[in-house]
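Trainee: my questions concern the predicted model and sequence given below.
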Amino acid sequence: MDRFNLFPFPNDSTEYSDLLLVQTLHRWAETEVFSKRLELREDYEKLLMPAMQKLFVDVELQKMIWPEDCGGIGLNKREVARTLAMALEQIGRADCGIGYISAVTLTLCSSFVFDYNFKEELCRRSAPLFCRADHITIGSLVLPSFKEGDPSEKAPVFRGKPLPARARRDGDKLVISGEKMRPLNSGCDALLFGVLCALEDSDEPALILVPGDSPGLIRGEPIIKTGLTASKNTDITLADVSVPAGNLIFHGEDCLRRMLSWFYLNISAVTVGSLFTVFEIIKEWGDTRVIKGKGNLFKENPLTASVMAEIGHEIMLSRLLLYQLVAMFSRPEDFNHREGDDLYVPALSIVSHITQNAEKTINQTMELMGSAGYATEWNLERYWRDLKTIQVHLGSWELNKMALSRYFYESQSL
Amino acid sequence: MDRFNLFPFPNDSTEYSDLLLVQTLHRWAETEVFSKRLELREDYEKLLMPAMQKLFVDVELQKMIWPEDCGGIGLNKREVARTLAMALEQIGRADCGIGYISAVTLTLCSSFVFDYNFKEELCRRSAPLFCRADHITIGSLVLPSFKEGDPSEKAPVFRGKPLPARARRDGDKLVISGEKMRPLNSGCDALLFGVLCALEDSDEPALILVPGDSPGLIRGEPIIKTGLTASKNTDITLADVSVPAGNLIFHGEDCLRRMLSWFYLNISAVTVGSLFTVFEIIKEWGDTRVIKGKGNLFKENPLTASVMAEIGHEIMLSRLLLYQLVAMFSRPEDFNHREGDDLYVPALSIVSHITQNAEKTINQTMELMGSAGYATEWNLERYWRDLKTIQVHLGSWELNKMALSRYFYESQSL
Amino acid sequence: MRSIDDFTRPREFLSPIDDYFGKIVRQWADKEVIPYRQRYDEDWKEHRLIEPAFDKLMGELGLQRVLFPEDLGGWGLGHSHYTASASFRLMEEVARADSGIAVAFGVTFWPLIMICNEPHLNRRLCEEFAPLFCNTDKAVFAANAMTEPQGGADIENMDVIKGSTIETTAVLDGDEWIVNGHKLWPTNSGGVCSLFGVVCTTNPGSKDLNDFAFIFVPADKPGVTQGGPYQKAGMAADKNGDVWFDHVRVPKHYRACGPGDDYKYFKEVISFGNLGSIAFVSGVMLNVFEILQDYFNKSYFQGQPLKEHDAVAAVLADIVKDVEIIRIIGNQYARMLDRPDLYGFRWSDEIVAKGRAYKYFACDRAVENLGRAMNLMESRGSDRACDIEKHWRDIKIVQLWMGGKQLCQVETARWYFDCKTL
Amino acid sequence: MRSIDDFTRPREFLSPIDDYFGKIVRQWADKEVIPYRQRYDEDWKEHRLIEPAFDKLMGELGLQRVLFPEDLGGWGLGHSHYTASASFRLMEEVARADSGIAVAFGVTFWPLIMICNEPHLNRRLCEEFAPLFCNTDKAVFAANAMTEPQGGADIENMDVIKGSTIETTAVLDGDEWIVNGHKLWPTNSGGVCSLFGVVCTTNPGSKDLNDFAFIFVPADKPGVTQGGPYQKAGMAADKNGDVWFDHVRVPKHYRACGPGDDYKYFKEVISFGNLGSIAFVSGVMLNVFEILQDYFNKSYFQGQPLKEHDAVAAVLADIVKDVEIIRIIGNQYARMLDRPDLYGFRWSDEIVAKGRAYKYFACDRAVENLGRAMNLMESRGSDRACDIEKHWRDIKIVQLWMGGKQLCQVETARWYFDCKTL
């Protein structure tokens, strides 16, 4: 059972094809993930990669947002927001890590395929990797993050954080260098990286597409992290990697904010979907566990029921917010935006709420389940680790809030 | 400045008349409330009653949801949800107490005027009080609440709480009795009470309309409470009060849930509107106050800015949720409701979120403003007291959650 | 049935006067305050109801004298080894009845700390001011005039600002200080103050700690003007207003401790301010427990006392758990102030920072718990008659004063993480 | 720069062995555990890396002996006046390195409390079991077999359930108990246990407290089967599995204290369980402070160390504030267990309830703070290399065990509000 109907959301613009996709993904989750999980746990090679292969290639997820004339399914317009959300809910429900990789890959592609920044030549050149390949193509992003030591002398800083790499023009090439950068995901096996660079003498960040097999791109040893097993990550170093000038996806903060807005939408959907599984686990627990002796079902005890109620409550609100964001993407003209505002602030606000409340919600679920909450075999704790990992990859709430203050109060110096 | 544009909401179905109403209410707030507040503080006689008179009679709020053929404005359909929300935002922005009274009065009227439970005779009979009167007509509700002592012997219990009154049929009359009942508002000056009664031998609650001037209706001394000065409240006693049988508004839990859903919508809107004023106060503070010596504006300090960001963030999310609820009321067919579900659970969930976060948000605002936070003259603390008072009148979160558990987990015994 | 005395205190630490004075104050509270406090709010300006309670506590019972040396009519608490522990208990008991009274009472000692406490006892000033407090059975109030219109709590943010934003000046003219400035919001102003301790500078804009001055100004000196009290959300017993010092002349020796030491020992004042704040929170929460105990025994749900509803009981548990912890922390901090040999000087950065940390913890918990308690009591939670909304309004004020939460956070982080620029 | 020793402890209370053993364990932690702990997770089944650390601590340093009387090779902590205070410090230091090790170490004492502590020292059983722990330089583990498949922590919900749901039985057959039952999740099971303390009933379904029995079962007795360890979110050093007792025969005198007293003193076990939990939280949080101090000094934002960002510093303050408070509360509770003359018996309802309250406070704060710390460290927060996510996973387990938060709330409410049906 999924929670498609228990948690309300507006489905007035839902197309028949969306519903078909949801069904397909639901089946994929059952056959490729859930049914094998007890045996294979979090096995990368045996469980996660095969499931991703099915999803990306057989279910054609990796073709979804590419233009039809490039071999894609043609959902390269902002109206795809709803389809994306509904699909990523289902994928996140099955496995947060696969959901996360899907979200980042879709975000990277959208940054030069969607109408807000359509780069035709780059699109045509990159499309075969996604639309004609029989292997999965994972995309990743390298965004600013903290490094040890005072970076101010070493690298240009954007909004306080060092940009991970520098790029310079060399004829019709861009030459990029950057050391030990941590991608958002899949440093070990991504085929494409979108790297945020300082582009010669400019203060504004530029996103450059770097193929994973570029000479000079060095991948480190896999790192161990708390969750998201599907994302095999490592630091990468770019030693004067040369790419065509056309690989410059964008230059400037505006496009970065647009891209991040889509990223936040995708992550919100993955998180909400994961919470559906959390709900299913606690629902079953409430239906079957007894407390204070025989005959007293867990869900009938007022205290445990009250915590369970909060779990449902938060998931319901998160889903409603997610679809409010979907509406803002697909029908921005229906909202009272101020001129010039993009969706960055509402998207950041909503993804922050959803990911923070997901932490709270899973924490509560674990509390109710005692040892079963932290035992691997109950599967709950992996969602807990995974969702927390996704959350921290969005950047810290304290620093993200500075962007909100700039919007709400016109703060200048933050 | 109001916050109509800074906090996004979907306005695709907004009618021109809605915008006119918002403008009218905005003007009313400025001239009748804000401009006089510094001098008159929370004076009931000099400030609040005159402002309510203007609002209810001159601006015709009390005619709004009545059918046109009864002399009303004809907004007696569920699509009015949007208009109600937009209007109550503006009223709540001006004064929570007036907003609260408006919300309850509209809720009471809607319970027999709206299509879900249209009572034509009662509607015609009651309409003149609202549509032809040149005085304000305040409605109030008497719902179950705790009393001291074990009530199980004295009164029938609905969902664990004693029903405030009992009613029996006597020919074409209903005779009602109940002691020291606390109405939601305006016990001292409401002209109509909707009293939830145990109707003879039935377990299901019945709402009966009791005119404020009924013989046998005894009002107590005004009580002092922490906020909502506009609502002059007291306990009322019904000593065998006789009303026409047609005053039975509804009988059964379904209609009660429907009515409460509207109540929650209205309260959500009042609360969001009040938060706009909170935002305006902290915005001005951030723009003008200095911290750590001259030249350092409050809004430029990362710590104060981070708390300010949370304030904007929460208001933004609350408004998005409010309008998601509006959409569920006005276009239920666009949502994936399960058959048979009403809007009670999402409405309860949303109003709980909004009122709880309002408490948190105003608490944070006060923290930033130090003494100005608790000084009467800054006006912030009245919103703090008022919104908390509204919140507690919704019933305790712990017990309300039991309804959520019944929905999410099919708990039976809570 | 449990009582408030069932909440834990470190029993090894109780001061010799703890039990005796605790009982006296509790009797006073139950007789002189609790029956009347529901009408205090409307009495915020006149203090017709409130004044007799003050007179009884501070004048007749004599508790306004406790800090002064015994030979001057005081009780010698200032040079005891249990000043803080004993104060904590007293403040807690008073706040249980009314934290507004507790503040006004406690703040009367605030400037006196500068001259009554060891090791910086100022015998000459004690002799001069003791009669004002000790030779009367009426309540006499003192106040710390700190906050100024511009910048609010900046003055208390001492480590970074170092007094450089203080605009109230003291200029030496022969044997006299001439004090000029405008203060606002001091507790015990609004017309009731008899003796001000004025935070001022001998050199405006300077960050030299020697220029920070703490000077006593009797309220009846020419040039001192107290405005009327502000109206505020709660704490009607505590009057706050504007105070103007217009070329006020006081003797040179009215400077409390002298250059450098004024700054140093003013930090001790901050420490005691935080101790007092925790005591107010603790006292209020003890009374909240009493109210909840009564209410949830008497209110019925599903045929049982409401306290038997597991989900409701869990919230009640959350609240009493915090009362336990706040009380333990407050007593621990009192002990830290009483035993500098073990914990360091009361004016040390460590003790100040830890006091800030405990204070904002206590206030945050109390504000949240009172909000939850009101919610749990549904519409009764907002009734004056239930006394819970009163405490909710009062405690919010405790949370906001002395720089509020943010200053506490900044000072805590600064000490633990050695921050330089906060 | 501050160190973890700057966090407050009640200095009047420190046990005579506090400083000495604190230092020894800290050295052990820094040398034997912290350099290796990042690889512990993958070692959950084999304990190849973990076992040597155990042997060093418990066997070579001999800390598994501390509870036993001196003449039996122990250190006599069980009859000292500082059992709890000394244990708190030990547990804290071990948990700073790895709370999984701390649990396994601490739980070894858990059943022994029933026989080693005054006033219910069971000399005969001490003599019988002391050699197992004292005559070896290898780590030896004991376990409390409590939880059963059905009902989870119901067994610990003693006031209401009174043992009536226990399905593990003990039947007297001549001079022997025959024990039958299935337990799961005991710390130190999964194959490593040498001595079980088994919670069982002599009369299934009975609420007669005399039927509650605590019986020692050496793990090598015929009929005892330990399943392999479960895999769980953290605490790799702590093995948990199923244990089956199939007609296991033990001597009659292996019942710890006898009818009534087993139930009574098992509550003392609960009290120590809560004390230990708080110590684990405290120790972990001390290490979290060390990690944060390092990370926020080294990471730069806007050209300054990240700790200088006011909003970031405020979160750091929130965290250290809670570390302060947790540590003070834990030490206070230790003192309450050490001084029954002042605070009441360790097995009294009051002490049990207060321990529950402190424990869930400490766990809730730590879980929230670790979540915030990870968030503040952004993607590094989820790296194994930063050690913070490890503590986050481990501490969650502390929060969930022993009935979790809800049982703590229920017991707290029951004691303070005299609830009957929770």
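Mentor: Perfect, I can see it now.
Trainee: and stretch C:392-410 with chain B, contact?
Mentor: Yes - under the criterion of C-beta under 8 Å from any C-beta of the partner chain, chain B is reached by stretch C:392-410 at C:392-393, C:396-397, C:399-401, C:403-406, C:409-410. From N, CA and C alone the C-beta is placed, and that goes for glycine too.
Trainee: please see if the helix or strand of chain A with the lowest mean pLDDT touches chain D.
Mentor: Taking all helices and strands of chain A together, the one with the lowest average confidence (mean pLDDT, DSSP states H and E) is strand A:157-158, at a mean of 84. Yes - residues of strand A:157-158 contacting chain D under C-beta under 8 Å from any C-beta: A:Val157.
Trainee: off-centre distance for that strand?
Mentor: On the basis of C-alpha atoms, centre = their mean, to the nearest Å, the separation between the geometric centre of strand A:157-158 and that of its chain is 23 Å.
Trainee: ok, which stretches of the chain are helices?
Mentor: All of this refers to chain A. Using DSSP state H, the helices of chain A run over residues A:16-28, A:35-40, A:49-53, A:80-94, A:96-113, A:120-131, A:253-288, A:302-330, A:344-369, A:371-374, A:380-393, A:397-409.
Trainee: to clarify, I was referring to chain C.
Mentor: For chain C, the helices identified by DSSP H occupy C:18-28, C:50-54, C:83-97, C:99-116, C:123-134, C:158-161, C:261-298, C:310-338, C:340-343, C:349-376, C:388-400, C:404-417, in order along the chain.
Trainee: make TSV out of the ones you listed and add mean neighbour count and mean pLDDT.
Mentor: Supplementary listing: those in TSV, determined by neighbours: other C-beta atoms under 10 Å in any protein chain shown; pLDDT from 0 to 100:
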stretch	mean neighbour count	mean pLDDT
helix C:18-28	16	95
helix C:50-54	20	98
helix C:83-97	27	97
helix C:99-116	27	97
helix C:123-134	17	97
helix C:158-161	17	80
helix C:261-298	23	97
helix C:310-338	25	98
helix C:340-343	14	96
helix C:349-376	24	98
helix C:388-400	26	97
helix C:404-417	25	95
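Trainee: just put those helices in CSV and tack on distance to B:Asn5.
Mentor: Formatted as CSV, the entries for the helices of chain C read as follows, by distance: least, C-beta to C-beta, whole Å:
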stretch, distance to B:Asn5
helix C:18-28, 56
helix C:50-54, 47
helix C:83-97, 46
helix C:99-116, 42
helix C:123-134, 59
helix C:158-161, 38
helix C:261-298, 41
helix C:310-338, 39
helix C:340-343, 55
helix C:349-376, 31
helix C:388-400, 31
helix C:404-417, 30
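Trainee: out of those, nearest to chain A?
Mentor: The minimum distance between chain A and those falls on helix C:310-338, with 3.6 Å, by C-beta to the nearest C-beta.
Trainee: quick check: residues of the stretch 201-350 of chain C near chain D?
Mentor: When proximity is defined as C-beta under 8 Å from any C-beta, the stretch 201-350 of chain C approaches chain D at C:289, C:292-293, C:296-297, C:304, C:307-308, C:310, C:313-314, C:316-318, C:320-322, C:324-325, C:328-329, C:332, C:335-336, C:339, C:342-343, C:350.
Trainee: just checking: what are the partner strands of the least confident helix or strand of chain A?
Mentor: As defined by DSSP bridges, the strand partners of strand A:157-158 come to strand A:161-162 (antiparallel).
Trainee: got a list of what the residue in the stretch 51-200 of chain C positioned nearest to chain D touches?
Mentor: Proximity of the stretch 51-200 of chain C to chain D (C-beta to the nearest C-beta) peaks at C:Val160, 11.1 Å away. Contact partners of C:Val160, counting by C-beta atoms under 8 Å, 6 or more residues apart in numbering or on different chains, are B:292, C:421-422.
Trainee: 7 Å instead?
Mentor: Listed by C-beta atoms under 7 Å, 6 or more residues apart in numbering or on different chains, the contact set of C:Val160 reads B:292, C:422.
Trainee: for the stretch 101-250 of chain C, which segments count as strands?
Mentor: The residue ranges that make up the strands of the stretch 101-250 of chain C, judged by DSSP state E, counting those that start in this stretch, are C:141-145, C:169-173, C:176-187, C:193-201, C:212-218, C:224-226, C:240-251.
Trainee: wait, which of those strands is closest to chain B?
Mentor: Nearest to chain B, of the strands of the stretch 101-250 of chain C and by C-beta to the nearest C-beta, is strand C:176-187 at 4.9 Å.
Trainee: stretch A:169-187: which residues count as buried?
Mentor: Using 16 or more other C-beta atoms under 10 Å in any protein chain shown as the test for burial, stretch A:169-187 gives A:173-176, A:178, A:181-187.
Trainee: what is the most widely separated pair among the residues you listed?
Mentor: Farthest pair in the buried residues of stretch A:169-187 (C-beta to C-beta) is A:Lys173 and A:Asn185. Separation: 26.9 Å.
Trainee: and chain A, what are its domain boundaries?
Mentor: Here the domain parsing of chain A from automatic domain parsing is A:3-136, A:142-252, A:254-409.
Trainee: run a quick neighbour tally on the closest residue to chain B within the stretch 1-150 of chain A.
Mentor: At 3.5 Å from chain B, A:Asp12 is the closest residue in the stretch 1-150 of chain A, using C-beta to the nearest C-beta. By the criterion of other C-beta atoms under 10 Å in any protein chain shown, A:Asp12 has 12 neighbours.
Trainee: again with the one 10 residues further on
Mentor: A:Val22 has 18 neighbours, counted by other C-beta under 10 Å.
Trainee: got a list of what C:Ala385 touches?
Mentor: Under the criterion of C-beta under 7 Å, 6+ apart, the contact partners of C:Ala385 comprise B:223, C:38.
Trainee: just name the most buried of the domains of chain A.
Mentor: domain A:254-409 (a mean of 22; mean count of other C-beta atoms under 10 Å in any protein chain shown).
Trainee: ok, back up a step: got a list of what the residue of the stretch 1-150 of chain A closest to chain B touches?
Mentor: With contacts taken as C-beta under 7 Å, 6+ apart, A:Asp12 has the following neighbours: B:331, B:334.
Trainee: okay, now the unreliable bits of the stretch 201-350 of chain A?
Mentor: A:338-340 (pLDDT under 70).
Trainee: how about the residues of it by chain B?
Mentor: Contact residues (C-beta under 7 Å from any C-beta of the partner chain) of the stretch 201-350 of chain A with chain B: A:283, A:286, A:299-300, A:302, A:305-306, A:308-310, A:312-313, A:316-317, A:320-321, A:324, A:327-328, A:331, A:334-338, A:346, A:349.
Trainee: what are the bridge partners for C:Ala170, then?
Mentor: With DSSP bridges as the rule, C:Ala170 is bridged to C:Val179.
Trainee: look up how far chain A lies from it.
Mentor: For C:Ala170, the distance to chain A (C-beta to the nearest C-beta, to the nearest Å) stands at 35 Å.
Trainee: shouldn't that residue be in contact with C:Cys200?
Mentor: Yes - in terms of C-beta atoms under 7 Å, C:Ala170 counts as a neighbour of C:Cys200; the distance is 4.5 Å.
Trainee: any chance you could list residues touching both of the two?
Mentor: Between them, C:Ala170 and C:Cys200 have C:179, C:213, C:215 as joint contacts when contacts are counted by C-beta under 7 Å, 6+ apart.
Trainee: want to try JSON lines for those, with neighbour count, distance to D:Pro259 and pLDDT as columns?
Mentor: Output for these, formatted as JSON lines (neighbours: other C-beta atoms under 10 Å in any protein chain shown; distance: C-beta to C-beta, whole Å; pLDDT from 0 to 100):
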{"residue": "C:Val179", "neighbour count": "26", "distance to D:Pro259": "78", "pLDDT": "98"}
{"residue": "C:Ala213", "neighbour count": "28", "distance to D:Pro259": "73", "pLDDT": "97"}
{"residue": "C:Ile215", "neighbour count": "26", "distance to D:Pro259": "74", "pLDDT": "98"}
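Trainee: how about the residues you listed in a markdown table, adding distance to C:Leu67?
Mentor: Formatted as a markdown table, the entries for the shared contacts of C:Ala170 and C:Cys200 read as follows, by distance: C-beta to C-beta, whole Å:
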| residue | distance to C:Leu67 |
| --- | --- |
| C:Val179 | 24 |
| C:Ala213 | 21 |
| C:Ile215 | 19 |
